[in-house]
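In: only geometry, no sequence info:
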Ligand SMILES: Cc1cc2nc3c(=O)[nH]c(=O)nc-3n(C[C@H](O)[C@H](O)[C@H](O)COP(=O)(O)O)c2cc1C
């Protein structure tokens, strides 16, 4: 049986990125993730990213290695990683959060481990998800 894993990490948008950078990242990621069976959610608040993704162990680790080298973001910090029994997502999406809730990701990125996962999942229904 294939072992499923999940990773939750946070990062910061690098300086001087073009305004459409998040759209570019997501359209590329959506195709690649679908091909590899990676599902999850990337959330962006205008400054910070937080991404929760899941898939086969090998694919999850390979994606994380690629992500850590991507110069479009920085200060990449893994908040939680580990095996899961079943997927929490059916596909890969982008979620946006901003305005009054602008501190959501800042607070989340200060957490670790299960507390970080629990907070992300609690915030998930409030993220404005683009199909
Ligand atoms: C915040 C952020 C999230 C990303 N999420 C994904 C993702 O979920 N899947 C993916 O394939 N690439 C994602 N990427 C892009 C990868 O870092 C990488 O550019 C892409 O996978 C192409 O890798 P390659 O140049 O080794 O082919 C993301 C990049 C950033 C900055």
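Out: Done, it's in. Keep in mind it's a predicted model, so treat the numbers as computed, not measured.
In: C-alpha only now, for contacts and for neighbours.
Out: OK.
In: mind listing what's buried in the top helix by length along the chain?
Out: Ordering each helix of the chain by length in residues (DSSP state H) puts helix 21-36 first. For helix 21-36, the neighbour count (16 or more other CA atoms under 10 Å) marks 22, 26, 29, 30, 33 as buried.
In: Need the contact partners of it.
Out: 39, 55, 59, 91, 92, 93, 94 (CA atoms under 8 Å, 6 or more residues apart in numbering).
In: related to what we said a few turns ago, so which of the buried residues of helix 21-36 is the closest to residue 3?
Out: residue 33 (17.1 Å; CA to CA).
In: Now do the contacts for the spatially most central residue of the chain.
Out: Taking CA atoms, centre = their mean, the centroid of the chain lies closest to residue 51, which sits 0.9 Å from it. For residue 51, the contact set (CA under 8 Å, 6+ apart) comprises 7, 8, 9, 10, 40, 41, 42, 43.
In: Does anything pack onto the longest strand along the chain? Which helices or strands?
Out: Longest strand of the chain, by residue count under DSSP state E: strand 73-84. Helices and strands touching strand 73-84, by 3 or more CA pairs under 8 Å, 6 or more residues apart in numbering; DSSP states H and E, are strand 4-13, helix 113-123.
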